[in-house]
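>>> make a model of this:
(chains A, B, C, D and E)
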Amino acid sequence: MNGMEMEQMGPQNFLYGCELTADKDITFSPEDDDCEHQLSLRMVCVDPTTKDELHVVEVQGHDCEGQEVKAVLATLKPSSLPSVCLGGFEISPPAVFRLKSGSGPIHISGQHLVMTDGDQSFDEEE
Amino acid sequence: MNGMEMEQMGPQNFLYGCELTADKDITFSPEDDDCEHQLSLRMVCVDPTTKDELHVVEVQGHDCEGQEVKAVLATLKPSSLPSVCLGGFEISPPAVFRLKSGSGPIHISGQHLVMTDGDQSFDEEE
Amino acid sequence: MNGMEMEQMGPQNFLYGCELTADKDITFSPEDDDCEHQLSLRMVCVDPTTKDELHVVEVQGHDCEGQEVKAVLATLKPSSLPSVCLGGFEISPPAVFRLKSGSGPIHISGQHLVMTDGDQSFDEEE
Amino acid sequence: MNGMEMEQMGPQNFLYGCELTADKDITFSPEDDDCEHQLSLRMVCVDPTTKDELHVVEVQGHDCEGQEVKAVLATLKPSSLPSVCLGGFEISPPAVFRLKSGSGPIHISGQHLVMTDGDQSFDEEE
Amino acid sequence: MNGMEMEQMGPQNFLYGCELTADKDITFSPEDDDCEHQLSLRMVCVDPTTKDELHVVEVQGHDCEGQEVKAVLATLKPSSLPSVCLGGFEISPPAVFRLKSGSGPIHISGQHLVMTDGDQSFDEEE
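As a prediction, the model looks like this:
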């Protein structure tokens, strides 16, 4: 972290973007003991090179009992629905994004929120 | 619950995902006297195996007089609308999700929020 | 109201759902002097029985001068847009929902928020 | 304003709706020295009488240097996208809505928020 | 800034709009040492003059380690998805918007939030 806003309270807002293909999962698991991290996912989008078939984007995280759980973030098809808004889907690390169906590429974007331990919890401010 | 963030105030955020088919309803009714639970639903999505017909996803909960009420969460069709954002539809337990029409599978995803009794109420922080 | 959460502060969250047809308007006008009521509308959806034509859903309420005002909530067509997210459109009673065009059925869903008079105002917590 | 909720803190919530046609712009510029006004725009929708062509809805307001600025609120086409959610696009007066392309009618709806001067600022509560 | 609301707390809300074409990137980098600036992006829309091909809108900003990162804001096609809601995608300066694919024009709109240094941080109020 560049620290330029370290003096402020509340989470800092950074840009997050990743690209999924059939053989490339993306892991969100920041190694950082001093801060809390969270994603607020905004958009899932196709590319002009994405094949015109249904693409299913899956996220793997944890449920409230600590068990691994998978959920579908979005299903897109270039010719009918090339983008979909996730509206601020909050994901706590560790999480893995992958294509359950389709070969991609598929783009995920959103905000990466970082909060130092002394700050107010993420959970309070939504 | 794994307890790793038990010391914090405000609700904890976990991943929620389920899959509906014609003969499989999903009940959200956590057995937990020590915490309040709530879903913040984000997305409803089809699968490549979902038949190309209109699928109507229904949720059954309670109105303000304690009576059972049913509401339509989303209507999807794989060829025209394979995903729809719910934008954080807050569902209090107990609730049941089911397919009113269509044979599925249909995926529901969102955030499962858990708050210990000593915390601020869910209702205050939205 | 069932009162089971009466001790908490902030609004209580209940499920709201209704179905509009050409000859059936829906009025939202809770008779309850002890509480404030508000709808946070989430989704408008068609049904498999809905004819494939444009359906226009209208809400009638009041403007800031107390005059009656009508607004269009959503325009849907089963074959092209079977569902649309309203993203939490807040409606204060009294309000009437009706089909301005189309014969329905059309489903509206969302959250019914109820706040006792001693609570913080709705308007403060959004 | 009807004043029936004047005692409460925070903004009051009223319904807002307008209809644009090629020769009819809509101005949002409440004459009211005692209150602050803001729109939280929710939906832009076509009508069954809207011609099947692209309609571009423009809003004219002010940037942070006080200069006039125009922005596109939504582009709709009755046959492919008859409604779009704006998700709470906050517009401060004075503002003008107009059709940059297309002959309409196009409907805009949302919430009109009114806050008395003694209240907390709009800007703090989003 | 015109200063007309300088006395208030919390961020001020201004209108933001820009137009991207194949050879015109847009930079958001306000030169202003006295205030914090942020965009809350709402909509991305095509124009009637936009060619009917997939348009991919990219934003370039910084990740939490200060490295440059690119993310896809939206993928639009005039005939199938002429508008998409971003739902309040918060972008911190400096940022650059550009067309990764397609020749445009593509319109981006949203709110430009400005906060004086004495105010509460942006990050606290979301």
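>>> how about stretch A:68-79 and chain E, any contact?
Yes: among the residues of stretch A:68-79, A:78, A:79 lie within reach of chain E under CB under 8 Å from any CB of the partner chain. The way it works is simple: take the backbone N, C-alpha and C, and place the C-beta from them, glycine included.
>>> in that stretch, what's buried?
Applying a neighbour-count criterion of 16 or more other CB atoms under 10 Å in any protein chain shown, one finds A:69, A:70, A:71, A:72, A:73, A:74, A:75, A:76, A:77, A:78 buried in stretch A:68-79.
>>> residue contacts, the second one?
Shown in contact with residue A:70 (CB atoms under 8 Å, 6 or more residues apart in numbering or on different chains): A:58, A:59, A:60, B:17.
>>> helix or strand: which one has the second one?
It stands for residue A:59. Here residue A:59 sits within strand A:55-62, counting by DSSP states H and E.
>>> what pairs with the residue of chain A found nearest chain B across the strands?
Using CB to the nearest CB, the point where chain A gets nearest to chain B is residue A:71, with a distance of 2.6 Å. With DSSP bridges applied, residue A:71 shows beta-bridge pairing to residue A:59.
>>> and if you look at residue A:26?
residue A:97.
>>> what about it, distance to chain D?
Distance of residue A:26 to chain D, computed by CB to the nearest CB, to the nearest Å: 26 Å.
>>> picking that back up, the residue of chain A closest to chain B against residue B:16, yeah?
Yes: taking CB atoms under 8 Å as the definition, residue A:71 is a contact partner of residue B:16 at 6.5 Å.
>>> contact partners for residue A:95?
Residues in contact with residue A:95, defined by CB under 8 Å, 6+ apart, are A:27, A:28, A:29, A:39, A:59, A:60, A:61, B:15.
>>> hang on, the last one packs against residue A:59?
Yes: counting by CB under 8 Å, residue B:15 touches residue A:59, with 6.7 Å between them.
>>> shared neighbours of the two, anything?
With contacts taken as CB under 8 Å, 6+ apart, the residues that reach both residue B:15 and residue A:59 are A:71, A:91, A:95, B:109.
>>> residues contacting the closest residue to chain E within chain A?
Using CB to the nearest CB, the single residue of chain A nearest to chain E is residue A:17, 2.6 Å away. In this structure, residue A:17 makes contact with A:107, A:108, A:109, A:110, E:69, E:70, E:71, E:72, judged by CB under 8 Å, 6+ apart.
>>> gap between the residue of chain A found nearest chain D and residue A:43?
Of all residues in chain A, the one sitting closest to chain D is residue A:87 (7.3 Å; CB to the nearest CB). Residue A:87 sits 10 Å away from residue A:43, going by CB to CB, to the nearest Å.
>>> more neighbours: these two, which one.
When residue A:87 and residue A:43 are compared for neighbours, residue A:43 comes out ahead with 28 against 25, by other CB atoms under 10 Å in any protein chain shown.
>>> any weak-confidence spans in chain A?
Residues of chain A that meet the criterion pLDDT under 70 lie in A:1-9, A:117-126.
>>> how about a cut-off of 80?
Where chain A drops to pLDDT under 80, the residues are A:1-10, A:32-33, A:117-126.
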